[in-house]
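**Student:** Have a look; sequence and predicted model below, questions after that.
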Amino acid sequence: MEKRNFFAVLFFAVVAVFLVYMALMMHSFGNPGDAEMDQYIIDNTQAETGANNGVTAVVFDYRGFDTLGEATVLFTAVAGVVLAFRRLKK
Amino acid sequence: MSGMSKIVKTISSIAFPFVTIYGLYIIAHGHLTPGGGFQGGAIVASGCAMILVAYGSVWAMKKVKEKHLSVIESTGAIVFIGTALLGLTFGAVFFKNFLYDGGMIFGEIPVIGSTIANINTGGVIPIMNFAVGLKVIAGLFAIVLVMTYATSKKGGE
């Protein structure tokens, strides 16, 4: 038990150090800095994906993994509902 | 729930094809206009739910079973992941848009700037839109169908 508490305190201390470090590294309030991603997508969507709709290009091409996760969520939800409401006796 | 009156059945039967066509249009034009697989699939599933409410879940369960909907949904998921894996095969990256600029189906290069939209563009994006649309149609309608059937007098328990 003592050893477990020691590791817990150590873990907490390491995480706290990284959190404080990241908080100090952040931009100051109201000054978010330069963001280049939006202008890049606006400029290059048609040339890189061939889609005129930039939102669909982001959802299905640039961030395809996000859509894969959404599809997985939908699949899991449907499987759970069908499982919960299945007929027990035919 | 054994269906509503004849007026509701007739009106929903008339409205159902238009709702379905509109949803399929939203899916098919996902890479050109606002919308896409999720939104168009939700529209088509709403039309199916309208028919389900009008005619009753017992009647609907006779027409379509939830295991068939499950097969359709799994087909959509497999097409989606298979297209992504084909991108890994042909383009060396998962989710690579390998059909873009290929000159084949969906492979034309769009004119940069604001022009009349060409539906034969977008590479793998329309294919993924169709896969996700199929998945959302079958998934949402399976949820509504199973829930209404389980809570109806004849179907549950």
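**Tutor:** Structure received.
**Student:** contacts and neighbour counts: CA atoms only from here.
**Tutor:** Fine.
**Student:** Are the helix or strand encompassing residue B:21 and chain A in contact anywhere?
**Tutor:** Using DSSP states H and E, residue B:21 sits in helix B:6-28. No - legend: contact between helix B:6-28 and chain A by Cα under 8 Å from any Cα of the partner chain is lacking; minimum distance shown is 11.0 Å.
**Student:** Tell me the buried residues in that helix?
**Tutor:** By 16 or more other Cα atoms under 10 Å in any protein chain shown, the buried positions in helix B:6-28 come out as B:8, B:9, B:12, B:13, B:16, B:19, B:20, B:23, B:24, B:26, B:27, B:28.
**Student:** The second one touches residue B:52, doesn't it?
**Tutor:** It refers to residue B:9. No - at 9.9 Å, residue B:9 does not count as touching residue B:52 under the criterion of Cα atoms under 8 Å.
**Student:** related to what we said a few turns ago, centre of the chain versus the helix holding residue B:21, how much separation?
**Tutor:** Remark: helix B:6-28 is offset 14 Å from the chain centroid, using Cα atoms, centre = their mean, to the nearest Å.
**Student:** quick one: the helices in the chain?
**Tutor:** Unless you meant another one, I'm taking chain A. Along chain A, counting by DSSP state H, helices occupy A:2-25, A:37-49, A:54-57, A:64-84.
**Student:** wrong one, I was asking about chain B
**Tutor:** Under DSSP H, chain B gives helices at B:6-28, B:37-55, B:57-63, B:66-91, B:125-151.
**Student:** Wondering if the helix or strand bottoming out on mean pLDDT in chain A reaches chain B at all.
**Tutor:** Lowest by mean pLDDT, DSSP states H and E among the helices and strands of chain A is helix A:37-49, with a mean of 83. Yes - using Cα under 8 Å from any Cα, helix A:37-49 reaches chain B at A:46, A:47, A:49.
**Student:** Pretty sure the second one sits against residue B:112.
**Tutor:** Yes - the pair formed by residue A:47 and residue B:112 meets the contact definition of Cα under 8 Å, at 6.9 Å.
**Student:** Of those two, give the one with the bigger neighbour count.
**Tutor:** Of the pair residue A:47 and residue B:112, residue A:47 is the one with more neighbours under other Cα atoms under 10 Å in any protein chain shown, namely 16 against 13.
**Student:** do you know how far the residue in chain B that chain A sits nearest to is from residue B:111?
**Tutor:** At 4.3 Å from chain A, residue B:122 is the closest residue in chain B, using Cα to the nearest Cα. From residue B:122 over to residue B:111 the distance is 12 Å, taken as Cα to Cα, to the nearest Å.
**Student:** So these two - more neighbours on which side?
**Tutor:** Between residue B:122 and residue B:111, counted using other Cα under 10 Å, the more crowded position is residue B:122 (32 against 14).
**Student:** re earlier: would you format the helices of chain B as TSV with distance to residue A:17 included?
**Tutor:** Below are the helices of chain B laid out as TSV (distance: least, Cα to Cα, whole Å):
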stretch	distance to residue A:17
helix B:6-28	49
helix B:37-55	42
helix B:57-63	58
helix B:66-91	40
helix B:125-151	43
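**Student:** Nice, that's everything, thank you.
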